[in-house]
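**Student:** quick one, what's the 3D model for this:
(one chain, ligands or ions: 1)
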Amino acid sequence: MEIERHEYDVVVIGAGGAGLRAAIEARQQGKRTAIVCKSLFGKAHTVMAEGGAAAAMGNVNSDDNWMVHFRDTMRGGKFLNNWRMAELHAKEAPDRVWELEAWGALFDRTKDGKISQRNFGGHEYPRLAHVGDRTGLELIRTLQQRVVALQQEDERLHGDAEAYIKVFQECTITRLLKEAGPGESGAISGAFGYWRENGKLILFDAPAIVLATGGIGKSYVVTSNSWEYTGDGHALALLAGAKLINMEFIQFHPTGMVWPPSVRGILVTESVRGDGGVLRNSEGKRFMFDYIPEVFKDKYATTEEEGDRWYTDQANNRRPPELLPRDEVARAINSEVKAGRGSPQGGVYLDVSTRLPAAEIVKRLPSMHHQFKELADVDITKEAMQVGPTCHYIMGGVEVDADTGAAGVPGLFAAGEVSGGMHGSNRLGGNSLSDLLVFGRRAGAGAASYVDGLAARPKISEEVVAAASAEALAPLERAGENPYEVHHELQRTMNELVGIIRKAEEVSEALEAVEKLKERAQGVGAAGSRIYNPGWHLALDLRNMLLVSECVAKAALLRQESRGGHTRDDFPGMSPEWRTKILLCALNPDGSGVTVEEQVQPPMRDDLITLFDRDELKKYITEEELAAFDALAK
Ligand code: FAD
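**Tutor:** Numbering: from 1, shown residues only. Okay, here's the model as predicted:
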């Protein structure tokens, strides 16, 4: 079998914000680095990010600082976050944004010329550095420009622009390789995949891999995510022996388009609400005032007048409840629609037309204006949008070391949406873009220093390569079921049975369905050749989506409480006992599926927990933890 072979120090899988930042770091530390991405270079999910990157720079409100950001992030995640990650993120995000600016990013400015920052749900102060509602595009453009600048430097220094950093686009990785024979290290030795265009096989010999493959949304029917989000990195990590955490927590963004059906799920940025847009039901009522949960009661306005005043005077008013964290808003919309107060197409109304002058709307929200005009023939400067929840982001992912991104298998690192912990049970808007930069850099550095410490490169055995090739080519050699049938059934199952509101019977039903789909997936076949064959690609992606869906459903069944992106109809409250636990998914030794286990979280460091008020903490933590806090405060 002909297989193209390459040798690198670090292979970064994924060219979104996390992957590019990791690759830049590894290259800056002198490592020969490959960037591999299954989409075109530049078409990562990050490019779709609209609202901005959260960083406590204090440009618009000088009261902001890392401690306020840390507190907001922990609150948003309902205190389940890996607090070390939340701490590093809050402390380092401003430097990462300024670094982007130094590399050429053109952020919107305040009147006095600083990087402008906008309001977003759950953030106490205006904190999102942004470029209109196209921030992700600028972030990716800047990081790509940085990659090119490094390549130009390599051209000057070594006469070869790709000597130290090279991009392999439209190239999908299907297996991570390990040195795993008897008496061998069990360390990562490379990655195996195929070129999407011509179906040829490719192998990377590399001691360090950084996974930066993004999320899993394509396991659901209604999603803001695009075709690449099939949970590849999550599955590759599991198959290589790493663990996934927090997989039950999925963010259903409150505002996706609901009409027409062909665009259902496409995101309507939170900036619409951040910039003054309000949610109304079919009776014209601003219903979010009825849905302020107990834990947030003192932080949100209780009247429309106060909420409206907040946009111009934040010091003396509380924020409107449209800006509650996303999980709260999504559940509220779901309840309104279920109660028969929805819009004709099954959403609710999001109105900015009566709140801002038309010119201002077009200036601040150009993509939204364009998106609704082109896709739904709705002019958002004149009429309300219809919106409803859409599967948007997974808080769960690869369990990593906060400081280095190391993923438990020697040589494996992960960053960005594919990693878990940072956002706890619910991510605040804007915290992903800054997460990519902070932890992308750390994972790139972690991989580089791991390579520096190696005595010898782990070897790739020919048996391992043969098994990976056979697995990749198998669907082409079968005249089996159409993979699209299996995929659609999986999407329906996850949407209907493990969606925004969950019940034990339904999740169990989903698990039974996933087991059957796993069997069917073994038999799917792809007609045609290896040359650009999407049916074949999907047949391979199914393994990943099914593994990830099994993790989501098993963890959702085990966690008997409601928290953030996991709402159990049969266990509606948050439980302080459950907060101390995270759920860990691991591949069964025989590869038959996954097992989920509880693990106790390490308690928050003293100097971090004392950043919170006792009154707030007691809403989340156990009596025992509260007693420990009291002892500290004495
Ligand atoms: P991505 O940017 O998705 O990149 C993943 C990369 O992995 C791609 O290059 C893909 O081709 C590659 N890949 C995947 N599988 C494989 C494989 N098997 N082999 C090879 N390559 C592979 N967050 C914010 O903070 N602020 C916002 O304003 C915001 N707006 C958003 C708007 C939308 C519409 C969406 C969908 C998300 C938004 N988010 C936002 C979330 C944020 O954009 C994502 O969480 C983030 O961009 C993920 O970045 P990443 O680097 O982890 O992955």
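**Student:** how about the helices in the stretch 401-550 of the chain?
**Tutor:** Taking DSSP state H, counting those that start in this stretch as the criterion, the stretch 401-550 of the chain carries its helices at 431-452, 462-473, 483-497, 504-522, 534-558.
**Student:** before we move on, what about the stretch 201-350 of the chain?
**Tutor:** Under DSSP H, counting those that start in this stretch, the stretch 201-350 of the chain gives helices at 232-239, 271-274, 304-310, 326-338.
**Student:** how about the second one, does it get close to the ligand?
**Tutor:** No: if you take C-beta under 6 Å from any ligand atom as the test, helix 271-274 misses the ligand, and the best it gets is 7.5 Å. In short, each C-beta sits where N, CA and C put it, glycine included.
**Student:** next one: stretch 242-262
**Tutor:** No: judged by C-beta under 6 Å from any ligand atom, stretch 242-262 and the ligand are separated, with a smallest distance of 8.0 Å.
**Student:** from the helices of the stretch 401-550 of the chain, which stretch is densest packed?
**Tutor:** Highest mean neighbour count among these (mean count of other C-beta atoms under 10 Å): helix 431-452, with a mean of 26.
**Student:** what about that helix, distance to the chain center?
**Tutor:** 15 Å (C-alpha atoms, centre = their mean, to the nearest Å).
**Student:** mind giving me the packing neighbours of it?
**Tutor:** Judged by 3 or more C-beta pairs under 8 Å, 6 or more residues apart in numbering; DSSP states H and E, the packing partners of helix 431-452 are strand 10-13, helix 17-28, strand 53-54, helix 83-102, helix 135-158, strand 208-211, strand 412-414.
**Student:** quick one, that helix and helix 135-158 angle?
**Tutor:** On the basis of axes from the mean of the first three to the mean of the last three C-alpha atoms, to 10 degrees, helix 431-452 is oriented at 30 degrees to helix 135-158.
**Student:** any idea how far the closest residue to the ligand within the stretch 101-250 of the chain is from residue 177?
**Tutor:** Here the residue of the stretch 101-250 of the chain nearest the ligand is residue 214; by C-beta to the nearest ligand atom that distance is 2.8 Å. Counting by C-beta to C-beta, to the nearest Å, the separation of residue 214 from residue 177 is 22 Å.
**Student:** higher neighbour count, the two?
**Tutor:** Neighbour totals were compared for residue 214 and residue 177, and residue 214 leads with 31 against 24 (other C-beta atoms under 10 Å).
**Student:** my guess is the more buried one contacts residue 14, does it?
**Tutor:** Yes: counting by C-beta atoms under 8 Å, residue 214 touches residue 14, with 6.4 Å between them.
**Student:** list residues touching both of these two?
**Tutor:** Both residue 214 and residue 14 are in contact with 44, 233, 416, 418, where contact means C-beta atoms under 8 Å, 6 or more residues apart in numbering.
**Student:** residue 486 versus the residue nearest to the first one when sequence neighbours are not counted, what's the distance?
**Tutor:** Across the structure, with C-beta to C-beta, 6 or more residues apart in numbering as the measure, the residue nearest residue 44 apart from its sequence neighbours is residue 16 (3.4 Å). When distance is defined by C-beta to C-beta, residue 16 is 27 Å away from residue 486.
**Student:** again, but for residue 234
**Tutor:** In this structure, residue 234 and residue 486 are 18 Å apart, going by C-beta to C-beta.
**Student:** closest point of the stretch 301-450 of the chain to the ligand, which residue?
**Tutor:** Nearest residue of the stretch 301-450 of the chain to the ligand: residue 416, at 2.5 Å (C-beta to the nearest ligand atom).
**Student:** what number of residues lie near that residue?
**Tutor:** Residue 416 has 34 neighbours, counted by other C-beta under 10 Å.
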